[in-house]
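Student: Compute the structure for the input listed below.
(4 chains)
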4 protein chains.
Amino acid sequence: MRTDHGLPLVRLGLIGAGRIGTMHAGNIARHVPGAELAAVADVRPEAAEKLAARYGTEAQDVDGLLKDVDGVVITSIAAAHLDLIQRAAAAGKPVWCEKPASLTLEEIDQAIAATDAAGVAFQVGFNRRFAKDFAAARRTVEDGGIGTPQLMRSITRDPGPATLRAGIPPWTIFRETLIHDFDTLLWLNPGARPVEVFTKADALVAPEYKNDGLLDTAVVLITFDNGAIATAEANFSALYGYDVRGEVFGSKGMVVTGGLPSSPLVHYDANGLRQQTFRSDEEMFRDAYVQELADFAEVVRANAAPPVTGADARNALRVALAAIASYEENRPVRIEELG
Amino acid sequence: MRTDHGLPLVRLGLIGAGRIGTMHAGNIARHVPGAELAAVADVRPEAAEKLAARYGTEAQDVDGLLKDVDGVVITSIAAAHLDLIQRAAAAGKPVWCEKPASLTLEEIDQAIAATDAAGVAFQVGFNRRFAKDFAAARRTVEDGGIGTPQLMRSITRDPGPATLRAGIPPWTIFRETLIHDFDTLLWLNPGARPVEVFTKADALVAPEYKNDGLLDTAVVLITFDNGAIATAEANFSALYGYDVRGEVFGSKGMVVTGGLPSSPLVHYDANGLRQQTFRSDEEMFRDAYVQELADFAEVVRANAAPPVTGADARNALRVALAAIASYEENRPVRIEELG
Amino acid sequence: MRTDHGLPLVRLGLIGAGRIGTMHAGNIARHVPGAELAAVADVRPEAAEKLAARYGTEAQDVDGLLKDVDGVVITSIAAAHLDLIQRAAAAGKPVWCEKPASLTLEEIDQAIAATDAAGVAFQVGFNRRFAKDFAAARRTVEDGGIGTPQLMRSITRDPGPATLRAGIPPWTIFRETLIHDFDTLLWLNPGARPVEVFTKADALVAPEYKNDGLLDTAVVLITFDNGAIATAEANFSALYGYDVRGEVFGSKGMVVTGGLPSSPLVHYDANGLRQQTFRSDEEMFRDAYVQELADFAEVVRANAAPPVTGADARNALRVALAAIASYEENRPVRIEELG
Amino acid sequence: MRTDHGLPLVRLGLIGAGRIGTMHAGNIARHVPGAELAAVADVRPEAAEKLAARYGTEAQDVDGLLKDVDGVVITSIAAAHLDLIQRAAAAGKPVWCEKPASLTLEEIDQAIAATDAAGVAFQVGFNRRFAKDFAAARRTVEDGGIGTPQLMRSITRDPGPATLRAGIPPWTIFRETLIHDFDTLLWLNPGARPVEVFTKADALVAPEYKNDGLLDTAVVLITFDNGAIATAEANFSALYGYDVRGEVFGSKGMVVTGGLPSSPLVHYDANGLRQQTFRSDEEMFRDAYVQELADFAEVVRANAAPPVTGADARNALRVALAAIASYEENRPVRIEELG
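Tutor: Residues are numbered from 1 along each chain as shown, chains lettered A, B, ... in the order given. Just a heads-up that it's a prediction; the model follows:
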């Protein structure tokens, strides 16, 4: 068997040739060590063809792809995730699935059950955990460097306004955007469990879509069983770029993650000083996006446990669903109400 | 009449010789241009004597002081504020009063009524407004530099643990600490009115005092009638020092205030880089503390309108009281419920 | 005798009502604790009258001023310094003199001799030593926090172009601007002595004045007897403001001083992030300017040794003179050549 | 022919399996899109074997390698560069050569002549040009964003002390370390030519090796024909890590490159705030190291002009040789003296 540069080659198949799938395909093809983009599938065959051609690989249908690869990278729309996860599991192939893994607890439970039953790894795409500063923050918290977390913050502001349009599903801000922040907060408070959620949200960027259920601005307050009080915050139109930051304040100190400047360059002129800011998730999390798939390649290669699990996706989803319920009822909602 | 350095001299009397009063006395005596510390009073005459001696001025009782001065600086405990404000108003003397001006709406209304009836100025000690970066943030918001505010944040973390002891009144974190943040948020969202408040709070620093009502950690979520969603956050024991920051995110940009490093000095060694952090409000807001009294001296001198009013204190207090009600009932509380 | 706010009052007379004198006058009158601006003198009586009136004090001639005050603050042009220092010394009055204390070694020696003979203090206006970050850097170096200095840097960039005009004396950049950097470098390398100097300089901002000897851009390389190699750098037209920074790299670490942002405020908009920068020495060194005179007031009050001495001025001047010689001859010049 | 992920595959052979060669081999094998590490050679065959095995490729002798590849990456010791470049040119293969391309003008002229005669590309490894912030600084300068350069700075501080040992060739600090800074300064002052150089250098880190010619601390002052005055500075033992920074000050502003923190993470505790710093060139310039070879792969693929040329290497070398002459003679040396 050919080895690619000393690492046993892992052949990955990608399903879902949209924006995020295209990015991941490029990373697999060109940046993930020891990985090969072995096949691409999409419900729109021409999209699969186009992406496959870009990286010199094959377009296939899902069944063909599943036969051909060592592991599956799912980047389809969320509604298609469960079916694809189940088929991959049935084919005995390890799965990496973009977030949100599922939009309902029922689905994520079925996805977990399917992969568990098949004995295949199931990794979820919470990419922030793989960013250098976020990973270092987690280590600092685990090592006791800030004591017990008491106040936490995680924010996501998308540069928009491209993301704002009719047709975006309701609850997107909770299930697709803040899901990142919920995972981050749970992960940066290791061992603690979320207890209660309270949400305020609105359509401030595009009020005309509010009746379609498209909220674009939200703050979610989360309490944990170790006493920590956290805020998760999102907005769909940050004119200065892509803004993701985190903060964990504890009994002995604080860690702050997320730098807004996109390079150390500082330009001084008659108006003072200026720095450029990150303009997209792909720019800010470029390395993290590669790393999460490099880790998945290693999971496939070594049949190892994934660093982000279906259980992690379920835990974040429960917070998202509680946040939605809180928004709808304008009251604090306990996580345990979710069942 | 003698002029002091070109500014007509304003003779200020200070009532309340505790920690904060001592600081203000020093500022009046040594740092506020055109002001003289003309007299000091305290319910403990020996405290007044000691502070007066330190700055070479006279200790007096309140009545004597009120006769002798051009304006009154009240730095007593909050419970004594109303009586002192009323007596100063009756004596026809402009009043500067430390925050919280009052602990109840009834009292602040009486204080406003008394000073209005007497036609004397009534300025309140929200010092943050006078800090260079906070003032510049407000100007930027007013000038449209960030568009319409959508997401806001104001935090106060005291270095403690000196502030934690039995005997601190319940609700201190809302009425004495977060009152700053409530004022800051209202002031940085000019023209908007707070609508609803939701609170989570706990005793995480000193759980043993929780039964005494001493909460030391709190997050308050506030919505405004222009759609902005704000968080105010406080904690009584930040081991790394005094941490006050603000953030206003709007439809066109963002301003961030509050720098944690206490000087530009950066020290690099085998462990990386280090900077010192502010260790107290007096260190971080040294200039702001002088400026608010310099402004008050000018209010007295020119019979001008004060830059922070009793109405400002009342508005912040309403948010604090709603926050307390929300904590007690674990539900969102509308400001208008306060009456 | 009246005390001002607990500090025995020190009556200071200021000689020289130009730009820098006006600033110091304001500081003495309004910001230096326990000091009074007792009199102002100037070779142009109307300038003295105007400045005196601004701060409600008296304009006098030099002889009258010297009789009337406890200490003298000299802010005249450099050419007048020696005469004024000698007269102050003859009158038995402690002297604070703006930098450059003298433009020749003969003059500084005479100034030192005169004040020594009279037994009066002689303090020189190297204000940077009193800035919080520079002072902390010096303490860090003294405490061994960076080991032995090996590479050093001190820069001064004036915002100009107001300072550029015909009539500025030749060598201004060395004797009036870089003199600060020379003092800073000597002071941040305690115990070491400068050995050799090499200079490159030019008129890049205003080439039309080069024939008048007005250089506006210079770099001076200085070696010390402990091996440290330092660069001092100046320019007269930094469009982004006033830029003074220092750096000391040693065997165990580094300290960096001087922050360009004038406040912690950061403004984010569609172009990225922006911060304002310092626009003048008065803005960057406001506190340092007050502190150096507060220290002088204490020198007068307590008959104490000044924190910056005539010997310090002489040491910096020797480097400046060597730098000029190096420029003229385009060769390295040893300090000992200066005699 | 197989394409690798859509890019026509470029087969690169690497000659020189030392520290830097090992890093480049890993980049070619795993991180450079569309490149394959086709062969490895080294004067020590066992070193080539080991490195080849690590990346699943072949160890060959130089002649075999030259027959087998599309382009050659030379990472041997500098003394071997010329011979290898000539052999690659004779074989008609494009060459990428680590800096310093040559240690003498004769050699670099021969290398340029050989590659010119053969019509093969000759790219040199000045990696800093490929760092995001340095590249942006160059664009800003080219676009007139800082006006005409007047003052420049480029520094290199290696973390050592591993680099300090007997046996390091004399002049290493000039020809192997500062050569980077010389190239950076020339490149950031486009269109200008260096005129004169003055050097101070010493053995401060390891005085015991001074007699062996191993200088470890140096400052070189360079003047340009457009008036700019630049300093290049190096030291072999920065305990806080790897420190490479640049600064270009011009008539309209300034750009500053090089950030010391290795991630945005800030950790606050009882001692203030801390950030980690870069610990090696491989950490700071990881992306730049990949990019320079990605660009070379494209040069090979498209038969394009290289972004860094032999002429660039020659220009930097002339400054290095002038700097050495200046050190030896303790006088300013004009570049034209070098011939």
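Student: pLDDT value on residue A:166, please?
Tutor: If you check residue A:166, the pLDDT there is 61.
Student: how far away is residue A:60 from residue A:51?
Tutor: 12 Å (C-beta to C-beta, to the nearest Å). Glycine gets a C-beta too; all of them are placed from N, C-alpha and C.
Student: Which residues are in contact with each of the two?
Tutor: By C-beta atoms under 8 Å, 6 or more residues apart in numbering or on different chains, residue A:60 and residue A:51 have these common neighbours: residue A:40.
Student: Same drill for those two, tell me which one is more crowded.
Tutor: Taking other C-beta atoms under 10 Å in any protein chain shown, residue A:60 and residue A:51 do not tie; residue A:51 has more neighbours (25 against 22).
Student: Please name the nearest non-neighbouring residue to that one.
Tutor: Leaving out its chain neighbours, the residue that sits closest to residue A:51 by C-beta to C-beta, 6 or more residues apart in numbering or on different chains is residue A:17, at 4.2 Å.
Student: what residues are up against the one you found?
Tutor: A:25, A:40, A:41, A:42, A:44, A:47, A:48, A:50, A:51, A:75.
Student: mind checking the SS state of the first one?
Tutor: Which is residue A:25. With DSSP: H, G, I helix; E, B strand; the rest coil as the basis, residue A:25 sits in helix.
Student: Can you give me the pLDDT of it?
Tutor: With respect to pLDDT, residue A:25 scores 97.
Student: check contacts around it.
Tutor: So residue A:25 contacts A:14, A:17, A:37, A:40, A:51, A:54, A:55 (C-beta under 8 Å, 6+ apart).
Student: Kindly provide the distance from the residue sitting nearest the centre point of chain A to chain D.
Tutor: Note on chain A: the residue nearest the mean C-alpha position is residue A:126, at 3.3 Å, using C-alpha atoms, centre = their mean. Going from residue A:126 to chain D by C-beta to the nearest C-beta, to the nearest Å gives 18 Å.
Student: Kindly report the residues of chain A close to chain B.
Tutor: Proximity of chain A to chain B (C-beta under 8 Å from any C-beta of the partner chain) is limited to residues A:148, A:150-151, A:157, A:196, A:198, A:200-202, A:204-205, A:217-219, A:221, A:223, A:227-229, A:231, A:233, A:235, A:237-240, A:243, A:249, A:251-254, A:330-332.
Student: gap between stretch A:259-277 and the chain center?
Tutor: Computed by C-alpha atoms, centre = their mean, to the nearest Å, the chain-centroid distance of stretch A:259-277 equals 29 Å.
Student: Can you check what pLDDT the model gives the residue of chain A most remote from its centre?
Tutor: Distance to the chain centre peaks in chain A at residue A:270, reaching 40.9 Å (criterion: C-alpha atoms, centre = their mean). Note on residue A:270: pLDDT of 95.
Student: Relative to chain D, how far out is residue A:176?
Tutor: Distance, residue A:176 to chain D, by C-beta to the nearest C-beta: 25 Å.
Student: what's the spacing between that residue and residue A:43?
Tutor: From residue A:176 to residue A:43 the distance is 19 Å (C-beta to C-beta).
Student: Compare neighbour counts for these two and give me the winner.
Tutor: Using other C-beta under 10 Å, the more surrounded residue of residue A:176 and residue A:43 is residue A:176, with 19 against 14.
Student: give the contact list for the residue nearest to the more buried one when sequence neighbours are not counted.
Tutor: Counting by C-beta to C-beta, 6+ apart, residue A:176 lies nearest to residue A:100, which is 5.7 Å off, once chain neighbours are set aside. For residue A:100, the contacting residues are A:78, A:81, A:175, A:176, A:179, A:313, A:316, A:317, A:320, by C-beta under 8 Å, 6+ apart.
Student: And the helices in chain A, which stretches?
Tutor: For chain A, applying DSSP state H gives helices covering A:19-30, A:45-54, A:62-68, A:81-90, A:105-118, A:132-142, A:172, A:178-187, A:281-284, A:286-302, A:310-329.
Student: What residues sit buried inside the longest one?
Tutor: For helix A:310-329, a neighbour-count test (16 or more other C-beta atoms under 10 Å in any protein chain shown) marks A:310, A:312-327 as buried.
Student: Return the residues of the stretch 1-150 of chain A in contact with chain D.
Tutor: Residues of the stretch 1-150 of chain A lying near chain D (C-beta under 8 Å from any C-beta): A:3-7, A:29-31, A:33-34, A:37, A:53-57, A:132-133, A:136-137, A:140, A:145-146.
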